[in-house]
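S.K.: Return atomic coordinates for the entry below.
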Amino acid sequence: MQLLQQWSETNGFLIWLRESPSIWAYPTVFFLHTIGLIFTAGASIIINTRLLGAMPQLPVAPFARFFRPIWIAFWVTAISGVIMVASDLQTKLENRLFPLKMIFVVLAVVITALLRRRIEQSSLSGSTRALAAASLVCWLGAVAAGRFMAYFQ
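M.R.: The predicted structure is shown next:
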């Protein structure tokens, strides 16, 4: 852990990201993280609410097309998130909400993968609705925990 901390404190890119007043530094990475999260969690929430019974006039099968943009946006979010954590490693890792956020993210990703498979196979059972509800909780929990990290150390 000390080596990782030392690396993050001496890495030229991370120093620039952390200390630069440029809009192209941390604000851009944060912006990419936010945009990625909007597309990842937002599209997932749309799918989940449909699976839970909202908009019953819309067929579920076409929602399978959402998953490719969801995964692209997820990787934008993940990469920008790793960069943000690395730029302030000690503070982020010491934040008591960070592990909760990561648990929510991991669960949300696993559930999203399971839901994709079920939608593609048109397997829309009660357990699919339970997964959709769990996915909603996880994505909203990840967003809330991430946002509240700024206020709780």
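
S.K.: burial count for the spatially closest residue to L58 that is not a sequence neighbour?
M.R.: When the adjacent residues along the chain are set aside, L58 lies closest to R50, with 6.2 Å between them (CB to CB, 6 or more residues apart in numbering). Bear in mind the C-beta positions are built from the backbone N, C-alpha and C, glycine included. As a burial measure, the neighbour count of R50 was computed by other CB atoms under 10 Å and equals 18.

S.K.: quick one: the host helix or strand of R50 to chain centroid distance?
M.R.: Assigned by DSSP states H and E, R50 belongs to helix 26-51. Put simply, helix 26-51 sits 7 Å off its chain's centre (CA atoms, centre = their mean, to the nearest Å).

S.K.: Tell me which other helices or strands the helix or strand just after that helix touches.
M.R.: Toward the C-terminal end, the helix or strand that comes next after helix 26-51 (DSSP H and E) is helix 67-87. Using 3 or more CB pairs under 8 Å, 6 or more residues apart in numbering; DSSP states H and E as the contact criterion, the elements in contact with helix 67-87 are helix 12-19, helix 26-51, helix 89-94, helix 98-120.

S.K.: Turn these into CSV, including mean pLDDT.
M.R.: Putting the helices and strands packed on helix 67-87 into CSV (pLDDT from 0 to 100) gives the following:
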stretch, mean pLDDT
helix 12-19, 95
helix 26-51, 97
helix 89-94, 92
helix 98-120, 96
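
S.K.: Turn the ones you listed into CSV, including distance to M1.
M.R.: As requested, the helices and strands packed on helix 67-87 are arranged in CSV below (distance: least, CB to CB, whole Å):
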stretch, distance to M1
helix 12-19, 16
helix 26-51, 23
helix 89-94, 8
helix 98-120, 14
